[in-house]
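Visitor: the following comprises the amino acid sequence and a computationally predicted model.
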Amino acid sequence: MSHRPIYLDNHATTPLDERVLAAMLPYFREHFGNPASISHVYGWEAEAAVKESRQILAEAIHATPEEIVFTSGATEANNLAIKGVAEAYFKKGRHIITVQTEHNAVLDPCHYLESLGFEVTFLQVQNDGLIDLTELVKAIRPDTILVSVMTANNEIGVLQPLATIGAICRENEVLFHTDAAQAIGKIPLDVEAMKIDLMSLTAHKIYGPKGIGALYVRRRNPRVKLSPQMHGGGHERGMRSGTLYTPQIVGFAKAVELALSEMDSEAKRLTNLRQRLWAKICQLHGIVLNGHPIQRLAGNLNISVKNVDGAALALGLQPIIAVSSGSACTSTKASPSHVLTALGHSPELAFASVRFGIGRFNNELEIDLAAEHLCKTVKPLQTVFSSI
Ligand SMILES: *Cc1c(COP(=O)(O)O)cnc(C)c1O
């Protein structure tokens with residue numbers, strides 16, 4: 001057995017599933033063709049694989065294959081959705097609504113658009129991480145062109161009420177984008193029932209390869225217009241130029257297919273592991289659960305601990321368990337998580353937090369060891385902290 005730390009950071013990325021790797025390998029080797037090559041069998045093979053993958057992804061979210069635009073991941077999909085809509089609709093309006101707890105791949109494109117003269121409303125969240133729907137309704141104006149609300153939060157796992165948000169947007173004739181990077185393959189998604197117009201996806205959070213994702217772009221009722229952000233050969237119906245990365249696309253589809261086929265049983269298993277973890281740590285002095293207790297991803301547990309130095313906590317955990325700490329998503333900067341401060345936490349409490357992302361390859365023994373190590377790490381830190 002390896003002595004590397006127990007991996008419980010499955011919201012950051014996941015290991016590639018062996019079955020996904022096996023599906024990808026032939027497309028690095030014998031089937032290496034360019035799917036855009038129409039005059040020989042090498043191209044046809046690659047094209048057939050891309051077509052089949054596109055079909056699998058479309059079915060996974062109740063879309064049609066023509067509505068799937070492949071990108072390098074969810075970051076690019078979010079950029080394409082937000083900047084692409086802003087450029088295509090600025091004559092109609094220049095107001096966008098999003099949420100303070102979004103991923104930076106949504107927040108930063110919005111800040112960029114502000115610098116170009118767009119106006120952005122960043123909705124607050126309630127203490128449980130959910131948006132207040134009456135606040136959303138109040139924020140919509142005649143010049144609002146887009147609402148962007150993530151499906152599942154990458155830090156606290158909270159699931160926003162997509163279908164209700166979709167209904168509100170449709171009623172007001174505002175486009176609705178959702179970043180579903182953490183949600184695809186983990187909860188049911190239906191762009192028709194949920195009235196979603198644009199949806200960002202990625203493969204590497206569900207045991208697929210890094211560097212591949214997609215944007216769902218609605219084609220009818222309404223037909224979404226999008227300004228491309230990558231110009232070139234006119235791939236993906238002009239919305240995203242660049243040679244399609246066949247092995248990654250095949251792996252993406254395989255990862256989604258596997259996640260969907262195991263979704264219900266896996267959600268139950270992960271919920272049990274999460275409850276087991278919480279039961280073993282909830283008696284710790286000063287522990288706080290971050291985010292809604294039930295309306296969250298099965299594998300997500302995010303906690304803060306009062307009267308503990310966040311940096312010391314992260315340092316103490318790291319040799320035994322690989323988790324993200326309260327500054328993880330801005331790890332190059334020493335600032336507290338914007339998600340946890342949006343919940344009303346002080347910077348100190350936000351720093352002293354741990355995100356557990358439990359995944360497909362974790363088991364009960366690992367959860368027990370992680371719980372034990374967390375308790376062992378926290379207790380002395382609290383004594384030291386409170387005595388100074
Ligand atoms: C991981 C993640 C992203 C970024 O996805 P990439 O494919 O790594 O670019 C965006 N949004 C959320 C919610 C994420 O969890």
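Guide: Arrived safely, thanks for sending.
Visitor: thinking residue 58 is in contact with residue 64, fair?
Guide: Yes: under the criterion of CB atoms under 8 Å, residue 58 makes contact with residue 64 at 5.6 Å. C-beta: built from backbone N, CA, C; applies to glycine.
Visitor: which of these two has more neighbours?
Guide: The residue with more neighbours, out of residue 58 and residue 64, is residue 58; 19 against 15, by other CB atoms under 10 Å.
Visitor: not counting its neighbours along the chain, what's nearest the more buried one?
Guide: Of all residues not flanking residue 58 in the chain, residue 65 sits nearest, at 4.6 Å (CB to CB, 6 or more residues apart in numbering).
Visitor: same question for residue 174.
Guide: Nearest to residue 174 is residue 144, by CB to CB, 6+ apart, at 5.1 Å.
Visitor: who's that neighbour bridged to?
Guide: Legend: beta-bridge partners of residue 144 under DSSP bridges are residue 95.
Visitor: how about the contacts made by it?
Guide: 93, 95, 96, 97, 172, 174 (CB atoms under 8 Å, 6 or more residues apart in numbering).
Visitor: report the buried members of those.
Guide: Among the contacts of residue 144, those classed as buried by neighbour count (16 or more other CB atoms under 10 Å) are 93, 95, 96, 97, 174.
Visitor: helix, strand or coil: sort out the first one for me.
Guide: To tie it back to what came earlier, the one meant is residue 93. coil (DSSP: H, G, I helix; E, B strand; the rest coil).
Visitor: just give the closest residue to it, not the sequence neighbours.
Guide: Distance criterion CB to CB, 6+ apart; nearest residue to residue 93, sequence neighbours excluded, is residue 143 at 3.2 Å.
Visitor: circling back: state the pair within the buried ones among the contacts of residue 144 that is farthest apart.
Guide: 93 and 97 (11.2 Å; CB to CB).
Visitor: who in the stretch 201-350 of the chain is up against the ligand?
Guide: On the criterion CB under 6 Å from any ligand atom, the ligand has as its neighbours in the stretch 201-350 of the chain the residues 202, 205, 213.
Visitor: one more pass at 8 Å, please.
Guide: 202, 203, 204, 205, 210, 211, 212, 213 (CB under 8 Å from any ligand atom).
Visitor: the second one: neighbour count?
Guide: Using other CB under 10 Å, residue 203 is surrounded by 30 other residues.
Visitor: and stretch 88-108, which residues are buried?
Guide: Buried-residue list, stretch 88-108, by 16+ other CB under 10 Å: 88-90, 93-99, 101-103, 105-107.
Visitor: how far is it from where the chain is centred?
Guide: Centre-to-centre, stretch 88-108 and its host chain are 17 Å apart (CA atoms, centre = their mean, to the nearest Å).
Visitor: with adjacent residues omitted, what lies nearest to whichever residue of the chain sits closest to the ligand?
Guide: With CB to the nearest ligand atom, the shortest gap between the chain and the ligand falls at residue 73, namely 2.5 Å. Using CB to CB, 6+ apart and skipping residues adjacent in sequence, the residue nearest residue 73 is residue 213, 3.9 Å away.
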